[in-house]
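*Asks:* need the 3D shape of this:
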Amino acid sequence: MPGPWGAVLYETVTTHVRTAPRRPPFRHRGYLWLVDLDELPVLARPLRPLARFLPRDHALAADDDQPDDPPTIRHDLERYLLGHGIRLGRGRVLMLTQARSLGHVFNPLTVYWCRDGEGRPLCTVAEVHNTYGGRHRYLLPPDPEGRGECVKDFYVSPFFPVDGRYRMVLPEPGERLRLTVHLERRGEPAFTATVRGTARRAGPAALLRVALAHPFATWAVSLHIRYRGIRLWLSGLPVHPRPAATVTCPAAATRPAADPSRSDDRPVPTEEVPAP
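*Replies:* Next comes the predicted model:
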């Protein structure tokens with residue numbers, strides 16, 4: 001990995017296109033990090049508020065002896081992969097994500113590219129977060145072009161039920177970042193999200209440049225998703241209730257199941273967010 005921090009920054013444009021029913025596209029600009037889980041960037045103290053990579057922002061479950069935070073992001077990912085019969089061993093993992101910045105982070109999608117100790121691709125993991133505090137991972141087999149399919153089994157947007165299939169194209173990025181996620185329902189395209197970006201070596205100057213170009217970027221993601229959701233709701237899109245068993249993150253796992261008879265359990269309108 002290049003640069004003084006052994007990481008890459010991508011200035012990105014994210015686009016959401018809804019085709020069933022059709023609505024105007026949604027675009028958002030920001031930036032993402034590509035980091036090696038074994039060599040996470042170490043920032044000078046004055047810059048640390050702009051980028052922190054905390055295990056609790058990604059882990060699906062906390063350790064019994066450390067209920068508030070697993071030891072590392074890699075440790076939690078290894079545990080997840082072992083549950084699917086995959087041993088990472090001394091393999092390498094690259095993670096594409098937003099870092100916690102100015103006290104906040106929300107990652108609609110974090111992607112992990114996993115290789116074994118010989119450098120051969122093992123799998124790709126797509127980690128989806130929703131705005132209700134839930135997290136879910138989709139395991140994709142290795143593919144030269146980063147293609148994979150999976151059944152949608154996690155509630156993301158109140159404007160889509162939990163059905164259909166995702167077709168993902170998540171090639172490991174280089175100078176260019178090109179990610180695509182299609183949601184198909186009943187064999188027809190319903191929603192497409194794309195992320196496009198250009199790489200620059202991560203370092204103090206590059207971080208300050210993108211932070212000034214996209215101030216409060218992590219907060220903006222959350223606000224834009226809610227703003228877009230409210231507009232879709234006002235346009236008349238029907239809302240699908242949130243299933244009670246979709247919360248999987250440690251902070252929310254102990255919450256009581258939603259009671260559909262209570263008005264305060266209705267989902268707050270947010271946009272479908274399978275990509276950053």
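
*Asks:* ok, now which ones touch the nearest residue to residue 57 once chain neighbours are set aside?
*Replies:* Leaving aside its sequence neighbours, residue 57 sits nearest to residue 105 (Cβ to Cβ, 6 or more residues apart in numbering; 5.4 Å). Where C-beta positions appear, they are placed from N, C-alpha and C, glycine not excepted. Contact analysis of residue 105 by Cβ atoms under 8 Å, 6 or more residues apart in numbering lists 57, 98-99, 218.

*Asks:* residue 105 and residue 28, how far apart?
*Replies:* Going from residue 105 to residue 28 by Cβ to Cβ, to the nearest Å gives 15 Å.

*Asks:* again, but for residue 76
*Replies:* 28 Å.

*Asks:* likewise for residue 42?
*Replies:* 29 Å.

*Asks:* out of the two, which sits in the busier spot?
*Replies:* More crowded of residue 42 and residue 28, by other Cβ atoms under 10 Å: residue 28, with 21 against 9.

*Asks:* does that one touch residue 13 like I think?
*Replies:* Yes: taking contacts as Cβ atoms under 8 Å, residue 28 lies within contact range of residue 13: 7.5 Å.

*Asks:* count of neighbours near residue 141?
*Replies:* The burial count assigned to residue 141 is 11, neighbours taken as other Cβ under 10 Å.

*Asks:* pretty sure it is touching residue 150, no?
*Replies:* No: counting by Cβ under 8 Å, residue 150 is not a contact partner of residue 141; they are 10.1 Å apart.

*Asks:* tell me the spacing between the residue nearest the centre of the chain and residue 171.
*Replies:* Taking Cα atoms, centre = their mean, the centroid of the chain lies closest to residue 109, which sits 1.5 Å from it. According to Cβ to Cβ, residue 109 stands 14 Å off from residue 171.

*Asks:* contacts made by stretch 111-118 with the rest, please.
*Replies:* 37, 77, 81, 86, 88-97, 121-127, 170, 172, 179.

*Asks:* recalculate using a threshold of 6 Å.
*Replies:* Here stretch 111-118 makes contact (Cβ atoms under 6 Å, 6 or more residues apart in numbering) with 89-96, 121-126, 170, 172.

*Asks:* same check, this time on stretch 119-127
*Replies:* With contacts defined as Cβ under 6 Å, 6+ apart, stretch 119-127 is touched by 110-116, 137-140, 142, 170.
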